[in-house]
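# Predicted model, plus sequence, below.
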Amino acid sequence: MDKLKILTGCENYHFVGIGGINMSALAEILWSEGFGVSGSDKANSPTVEKLQGLGIAVAIGHNEANLPENAQVLVYNAAVPSDNPEVAEARRRGLKLLGRAQLLGLLMENYEYPICVAGTHGKTTTTSMLAEIFMASDADPTVMSGGVLPSMGGAMRIGSRKFFIAEACEYHDSFLSFFPKVGVILNLEMDHGDYFGGEAGLRQSFRKFAELIPRDGLLVINSGIKGLDEITKGLECKILTFGGNGEICACDVEFSADGCSFCRVEGLGQLTLGVPGDHNISNALAAIAVARHFDLPFDKAARALSTFGGAERRFQRKGQLNGAEIIDDYAHHPTEVTATIQAARNMEHNRLWVIFQPHTHERTAKFLDEFAEALQGADKVIILDIYRPAGREQEKAVVHAQDLVDKIGANCHYAPNFEEAAAFVRNNLAKGDIAITMGAGDINKLGGMILGG
């Protein structure tokens, strides 16, 4: 197999922030293809140690001395500030600078069928579902996901050059650097107001993403998207709708006490999901629509989905404490919070707890009422301080976690740190309760603290 073509004449790539889930995957793919790869990250981590174990030089901390003499390209992600010393040194030397999304887009051009999964919610789960279906069908996909999938042993898989399955994030118009042959739009709701300003800007971005699909390509899109025609009108590619009254739709939906979902896919057959909720049925329908386009057998797709337990941090069961179930979930938008709470309510339980870490001040301020309404669907709520991701937000919005607590009212408690939250949960959980740690920050650490004491 010929070596990947990225940038002509460039063989050595240095990654700033190499420990990120997508950055590490890109670095590993290039390393496996014989490119020179180095990198740096602000702290050590299992991901960094894995890369070092492969033989990739990774420095801890950021310093201009980390940039190798033979480096030709510096790759950075959104969390890297413009005054990063390695970025400054790369500019001084006149090296090529590539954003993560730009490199991912260049990588896609080496594959026959890049499949890009977009949408405000559900990208990681649907990408993971597609990975399971394509692997079960012996299609040998290359996969880049935003979450760890146990069957892949991580968030990425190196396969053949035929199928490349990847998440397509809208933030900062990242997905407009991609080259999809098949594009998926799961849903479209307002988010990332700090970048898009309003819904019109967000919708325009998704329209541009759809326009990237070539005439012989396919757009798989949720039939329930408001103003669907605004996204699809005049496109030259084939369009396949799913959900609701779409061409790939479900009926006879049922949920079991253990969280499984059951439905019949019109014209295809019965489907059982090991993950709960209407939102996951919608995600599965999108994945099946893509599989049908490539004539993958429905029975293999159905079998793969029946054993799919979700990606890491997507309704991930962490363990039990005194007969109570501890679950971790990535939900950080009001719609996601509502869907996750509803999925848990379909399970047999006593009381439902949500320990929520709001993600970014901008999002919290914009959706304060919506978050309060969504969280009122739980019996007990604990609110942690607002998480501010590195490099993602200028602190313009003035809001505090206590504002959300006040909006929710009864049965809501503010915890200033993980230790207090863990102690409160441990002291008050009862047999049959479900407790969900929820958010896109570092709240995934809390489940282990609750279970470990």
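Happy to help now that I have it.

# which stretches of this protein have low pLDDT?
Along the chain, segments meeting pLDDT under 70 span 1, 190, 391-397, 453.

# Identify the residues contacting Ala422.
Ala422 is in contact with 446, 449-450, counting by Cβ atoms under 8 Å, 6 or more residues apart in numbering. For the C-beta atoms, the positions are set from N, CA and C on the backbone; glycine is no exception.

# Also Ala284?
Per Cβ under 8 Å, 6+ apart, neighbours of Ala284: 129, 271, 273, 305.

# and it, which of the three is it?
Under DSSP: H, G, I helix; E, B strand; the rest coil, the three-state class of Ala284 is helix.

# what's near enough to touch Glu247?
240-241, 289.

# quick one: which of those is nearest to Gly146?
Comparing those against Gly146 with Cβ to Cβ places Ala289 closest, at 20.4 Å.

# Run a quick neighbour tally on the closest one.
Using other Cβ atoms under 10 Å, Ala289 has 23 other residues around it.

# For it, give its distance to Val220.
Per Cβ to Cβ, to the nearest Å, Ala289 is found 5 Å from Val220.

# picking that back up, among the contacts of Ala422, name the ones in helices.
Taking DSSP state H as the definition of helices, these contribute 446, 449-450.

# related to what we said a few turns ago, can the contacts of Ala422 go into CSV with extra columns for neighbour count and distance to Asn427?
Below are these laid out as CSV (neighbours: other Cβ atoms under 10 Å; distance: Cβ to Cβ, whole Å):
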residue, neighbour count, distance to Asn427
Leu446, 26, 15
Met449, 16, 13
Ile450, 23, 11
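
# And stretch 233-244, what's buried?
By 16 or more other Cβ atoms under 10 Å, the buried positions in stretch 233-244 come out as 235, 237, 240-243.

# Distance across that stretch, terminal residue to terminal residue?
For stretch 233-244, the first-to-last residue distance is 19 Å (Cα to Cα, to the nearest Å).

# In JSON lines: the ones in helices among the contacts of Ala422, plus distance to Gly227.
What follows is the ones in helices among the contacts of Ala422, written out as JSON lines (distance: Cβ to Cβ, whole Å):
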{"residue": "Leu446", "distance to Gly227": "39"}
{"residue": "Met449", "distance to Gly227": "44"}
{"residue": "Ile450", "distance to Gly227": "43"}
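
# so, if you compare those, which one comes nearest to Ser174?
When the ones in helices among the contacts of Ala422 are compared for distance to Ser174 (Cβ to Cβ), Leu446 wins out at 28.7 Å.

# which residues sit against the lengthiest strand in the chain?
Of all the segments of type strand in the chain, defined by DSSP state E, the longest one is strand 142-149. With contact meaning Cβ under 8 Å, 6+ apart, strand 142-149 is reached by 21-22, 25-26, 29, 104, 111, 123-125, 127-128, 130-132, 134, 152, 154-161, 163-167, 169, 311-314, 330.

# one more time with 7 Å
Under the contact criterion Cβ atoms under 7 Å, 6 or more residues apart in numbering, strand 142-149 has outside partners 21-22, 25, 111, 123-124, 127-128, 131, 152, 154-159, 163-167, 311-314.

# go on, stretch 226-240?
With contacts defined as Cβ under 7 Å, 6+ apart, stretch 226-240 is touched by 185, 203, 206-207, 210-211, 213-215, 217-221, 225, 247-248, 289, 293.

# before we move on, what about stretch 29-40?
So stretch 29-40 is contacted by 3-4, 11-16, 18, 27, 54, 56-59, 61-62, 66, 68, 70-71, 86, 107, 158 (Cβ under 7 Å, 6+ apart).

# for that stretch, how far is the first residue from the last?
Across stretch 29-40, first to last residue, Cα to Cα, it's 17 Å.

# from the chain's centre, how far out does it sit?
Centroid displacement of stretch 29-40 relative to its chain, using Cα atoms, centre = their mean, to the nearest Å, is 24 Å.

# residues in contact with Ala57?
For Ala57, the contacting residues are Ser38, by Cβ under 7 Å, 6+ apart.

# Show me where the stretch 301-450 of the chain has its strands.
316-321, 324-329, 352-356, 380-383, 412-414, 434-438 (DSSP state E, counting those that start in this stretch).

# ranking these by burial, who's on top?
Compared across those, strand 434-438 shows the largest average neighbour count, a mean of 28 (mean count of other Cβ atoms under 10 Å).

# For that one, name the packing helices and strands.
strand 324-329, helix 334-345, strand 352-356, helix 444-452 (3 or more Cβ pairs under 7 Å, 6 or more residues apart in numbering; DSSP states H and E).

# Given the first one, what are its sheet partners and their directions?
When pairs are called by DSSP bridges, strand 324-329 turns out to pair with strand 316-321 (antiparallel), strand 434-438 (parallel).

# quick one: the last one to chain centroid distance?
Relative to its chain's centre, strand 434-438 lies at 19 Å (Cα atoms, centre = their mean).

# List of residues touching that strand?
For strand 434-438, using Cβ under 7 Å, 6+ apart, the contacting residues are 324-329, 331, 337, 340, 344, 347, 349, 352-356, 425, 429, 443-444, 446-447, 450.

# Show me where the stretch 201-350 of the chain has its helices.
Using DSSP state H, counting those that start in this stretch, the helices of the stretch 201-350 of the chain run over 228-232, 278-293, 298-306, 334-345.

# Show me what counts as buried in the helix or strand where Ala27 lies.
According to DSSP states H and E, Ala27 maps onto helix 21-32. Buried residues in helix 21-32, counted by 16+ other Cβ under 10 Å: 21-31.

# What separation do you get for Pro81 and Leu352?
Separation of Pro81 from Leu352 (Cβ to Cβ) stands at 40 Å.

# cool, and Ala291?
From Ala291 across to Leu352, the span is 34 Å (Cβ to Cβ).
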